[in-house]
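> sequence unknown, structure follows:
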């Protein structure tokens, strides 16, 4: 059974069958990554462009490796958004790239909706690798893959997303994906970072990190942006880490040292996670990274073999 | 030359005229007879059968952007007038966010010169402060004398309460309103209305309270100074409520609403179509319901389009990078008839008040009269004509409309003003 869409723009509205198909396919590719020769000929002859308008080493490398493992030809095209306003329009850029006969475009952009815009001006399969504060579907899929790998299921699992929910594409994709597969989702963070109306998505809101630890099976901890612009949302890094940071002491006090903690990386040690916690979950976070390649292989494979 | 408009329904809310099946004889564009005319009354003339068509005072849109000077690639005074006429308007007031801004007599004279001899009357609204920067009030006396009908920092609210106060006090000498784009600058800067949709779409939100705060400030300042404030493109429930209360207290405040703010909600943004990006942003159902209430009870005085032409290359871009604003002139009458008249929100009389009478009153302009000896200033409306919006047929230089392909009921079929006539898209010589 193929996926229900030829693009992956987000997880909002994606049926759970599609999500499980991607996760199950990723399990197969996950094995490939442990082989001595980590390559399959599945996408031979297909060309994938990684169109990155925003700096992202991790996601780009993950996609690039996934493409290479599938034997696709891949090209990186990185641009800074600052040059865009004066230079070539996105529409012209994508048309030019397509003229070079590409099949799929993986796009990262700071403006929400840009992947959807590309589907209207291009014939390629479009994969969203993060669009502003909108969605980052492959990150959520790899988070879900990691949860399932560790806990054996997703349905009924209690997951709390911790941090700046209002400006996080990872949070939005996780909410949509997890809700679709029947997990219970809550969010926890300073009230200034919780968007109004979030409860309407069927999400519980918590302002107390101890409660979040107590009530949940999984914490998906987001990276806190430390730039000045983001700083109007909380008084100080000290206050954030004191009241929302996850430390060994807290986990121990509550008796949940074994709670599954995910982090999309890169970690701000001593802010959202204490160094001790960060070290303690190192193995899981590295697994997340490996799983990321498998999940992206699954997405590329399923979309690339559709048409 | 003599022209006769046969079998028309004539409707003039300002003069309590509402007559069916009447003939109007125009001689060189001047009304020479109104009544049931026989062939022998007028001899050889051009005849237009206007059965089921309403002849109403020429419609007036008090909020348009004609982009001249500065962005003539998007619209000029001349193409803007063609767009207005095609939409059923015989008069407009054009906003000062041009390059340079309309803050000097020279720019006013330039616009008036470009509009000279046009069917559509163009009245410039001048900047309230020099270069719309909110620092020093503009030379309002000279601007008024040259033809400015109102003052506005258009696109932004007057920056500080202190300057707003002076602008209201100074403009009071001429009876002209200060037109305000109500938005608290420190809360602004987003791409859409704040709500569940902005959260799921990941777009930076503009909260409705950003508008409400400035509406409140402006009402208080109008009361304090005795000056006149006109709230442009009102879009929130609370703002409508505040204007209603202020009017009850006798504060000199008036307000307009755009067709898109009573037709569309922020659900339309889900497509990321940049033609749903405007400021103020599309709001919610609850806001529309209050706007409808405000239109009905007279809280909202008029309908204006905020006609904002933008080039294709600028609109065909990433959502955040696309400029705010959509075209309005050529869909406005159809949307109002469809959404307000046919849905029984407003009677045709009330609609004409909001389109033809009230905007002119707010700007101290004479309302066209239906009297013998007056130069005809008419819009011809077929309230039941069913048509489909087609942006390729727009007379505007731009095409940025979210209403392309929309089915509407009711249309302006023609306009007559300044001894010129356009009927069903064709120029007709009448003088």
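Cool, got the structure. Model, not experiment: these values are computed from the prediction.
> how is the chain partitioned into domains?
Using chain A here. A:16-134+A:291-304, A:137-288 (automatic domain parsing).
> my question was about chain B, not that one.
What automatic domain parsing lists as the domains of chain B is B:2-55+B:371-385+B:392-428, B:60-362.
> what distance separates the longest one from the centre of its chain?
Its chain's C-alpha centre lies 8 Å from the corresponding centre of domain B:60-362 when counted by C-alpha atoms, centre = their mean, to the nearest Å.
> looks to me like residue B:148 is in a strand.
No: looking at residue B:148 with DSSP: H, G, I helix; E, B strand; the rest coil, it is coil, so not inside a strand.
> surely it is in contact with residue B:126?
Yes: counting by C-beta atoms under 8 Å, residue B:148 does reach residue B:126; the two are 3.7 Å apart. (Each C-beta comes from the backbone N, C-alpha and C, glycine too.)
> distance to residue B:422, mean pLDDT and mean neighbour count for the domains of chain A - can I get that in JSON lines?
Formatted as JSON lines, the domains of chain A follow (distance: least, C-beta to C-beta, whole Å; pLDDT from 0 to 100; neighbours: other C-beta atoms under 10 Å in any protein chain shown):
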{"stretch": "domain A:16-134+A:291-304", "distance to residue B:422": "36", "mean pLDDT": "92", "mean neighbour count": "19"}
{"stretch": "domain A:137-288", "distance to residue B:422": "47", "mean pLDDT": "94", "mean neighbour count": "19"}
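> for chain B, which of the ones you listed is the nearest?
domain A:16-134+A:291-304 (2.9 Å; C-beta to the nearest C-beta).
> the closest one near chain B anywhere?
Yes: Domain A:16-134+A:291-304 is in contact with chain B by C-beta under 8 Å from any C-beta of the partner chain, via A:84-85, A:89-91, A:109-114, A:116-117, A:131-134.
> these in helices, which ones?
Counted as lying in helices by DSSP state H, out of the residues of domain A:16-134+A:291-304 next to chain B, are A:84, A:90, A:91, A:114, A:116, A:117.
> most widely separated two among those residues?
Taking C-beta to C-beta as the measure, these span a maximum distance of 17.4 Å, between A:84 and A:116.
> picking up where we left off before, joint contacts of residue B:148 and residue B:126?
Jointly contacting residue B:148 and residue B:126 under the rule C-beta atoms under 8 Å, 6 or more residues apart in numbering or on different chains are B:102, B:108, B:140.
> next, count neighbours for residue 14.
With no chain named, the answer covers chain A. Around residue A:14 there are 21 other residues, counting by other C-beta atoms under 10 Å in any protein chain shown.
> switch to chain B, that's the one I care about
Neighbours of residue B:14 (other C-beta under 10 Å): 17.
> can you list the residues of the stretch 201-307 of chain A near chain B?
Contact residues (C-beta under 8 Å from any C-beta) of the stretch 201-307 of chain A with chain B: residue A:201.
> what segments of the stretch 201-307 of chain A are helices?
Along the stretch 201-307 of chain A, the stretches classed as helices by DSSP state H, counting those that start in this stretch are A:209-215, A:237-244, A:248-254, A:275-280, A:282-304.
> residue B:313 contacts residue A:89, doesn't it?
Yes: between residue B:313 and residue A:89 there is a contact under C-beta under 8 Å: 5.9 Å.
> just give me the closest of the shared contacts of residue B:148 and residue B:126 to chain A.
Out of these, the member with the shortest distance to chain A (by C-beta to the nearest C-beta) is residue B:102, at 26.6 Å.
> now do the strands in the stretch 101-250 of chain A.
Ranges of strands within the stretch 101-250 of chain A are A:104-109, A:125-131, A:158-162, A:184-188, A:204-206, A:218-221, based on DSSP state E, counting those that start in this stretch.
> which strands or helices does the fifth one pack on?
It stands for strand A:204-206. Strand A:204-206 is packed against strand A:184-188, with contacts defined by 3 or more C-beta pairs under 8 Å, 6 or more residues apart in numbering or on different chains; DSSP states H and E.
> do the strand it packs on and chain B meet at all?
No: on the criterion C-beta under 8 Å from any C-beta, strand A:184-188 is out of touch with chain B, staying 11.1 Å away.
> can you list the strands that that strand pairs with?
With DSSP bridges as the test, strand A:184-188 is paired with strand A:158-162 (parallel), strand A:204-206 (parallel).
> contact partners for residue A:23?
Under the criterion of C-beta under 8 Å, 6+ apart, the neighbours of residue A:23 are A:141, A:144, A:145, A:148, A:295, A:298.
> what about 6 Å?
The neighbours of residue A:23, taking C-beta atoms under 6 Å, 6 or more residues apart in numbering or on different chains as the test, are residue A:145.
> which element follows the lowest-mean-pLDDT helix or strand in chain B toward the C-terminus?
When each helix and strand of chain B is scored by mean pLDDT, DSSP states H and E, helix B:39-42 comes last, with a mean of 77. With elements assigned by DSSP states H and E, the helix or strand that comes after helix B:39-42 is strand B:46-49.
> against which helices or strands is the helix or strand harbouring residue B:385 packed?
Assessed by DSSP H and E, residue B:385 sits inside strand B:378-388. Helices and strands touching strand B:378-388, by 3 or more C-beta pairs under 6 Å, 6 or more residues apart in numbering or on different chains; DSSP states H and E, are strand B:54-57, strand B:407-417.
> and whichever strand or helix holds residue B:163, what's its mean pLDDT?
Per DSSP H and E: residue B:163 is located in helix B:161-172. Mean pLDDT, computed over helix B:161-172, is 97.
> what is the end-to-end distance of stretch A:75-90?
Separation of the first and last residues of stretch A:75-90 by C-alpha to C-alpha, to the nearest Å is 17 Å.
> I should have written stretch B:124-143 there, sorry.
From start residue to end residue, stretch B:124-143 stretches across 9 Å - C-alpha to C-alpha.
> next, the buried residues of that stretch.
B:124-129, B:131-132, B:134, B:137-140, B:143 (16 or more other C-beta atoms under 10 Å in any protein chain shown).
> now swap in stretch B:369-389 and tell me
Buried residues in stretch B:369-389, counting neighbours by 16+ other C-beta under 10 Å, are found at B:369-370, B:375-383, B:385, B:389.
> show the average pLDDT along it.
Averaged over stretch B:369-389, pLDDT sits at 98.
> grab the nearest non-local neighbour of the residue in the stretch 1-150 of chain B that chain A sits nearest to.
Distances between the stretch 1-150 of chain B and chain A by C-beta to the nearest C-beta are smallest at residue B:73, namely 15.4 Å. Distances taken as C-beta to C-beta, 6 or more residues apart in numbering or on different chains put residue B:311 closest to residue B:73, at 6.0 Å, once the chain neighbours are dropped.
> near chain A, which residues of the stretch 301-431 of chain B?
B:313, B:316, B:318, B:319, B:320 (C-beta under 6 Å from any C-beta of the partner chain).
> out of these, which sit inside strands?
Using DSSP state E, no member of these sits in strands.
> using JSON lines, lay out the residues you listed together with neighbour count, distance to residue A:215 and pLDDT.
Listed next are these as JSON lines, based on neighbours: other C-beta atoms under 10 Å in any protein chain shown; distance: C-beta to C-beta, whole Å; pLDDT from 0 to 100:
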{"residue": "B:313", "neighbour count": "11", "distance to residue A:215": "51", "pLDDT": "92"}
{"residue": "B:316", "neighbour count": "19", "distance to residue A:215": "47", "pLDDT": "93"}
{"residue": "B:318", "neighbour count": "25", "distance to residue A:215": "39", "pLDDT": "93"}
{"residue": "B:319", "neighbour count": "26", "distance to residue A:215": "36", "pLDDT": "96"}
{"residue": "B:320", "neighbour count": "19", "distance to residue A:215": "36", "pLDDT": "95"}
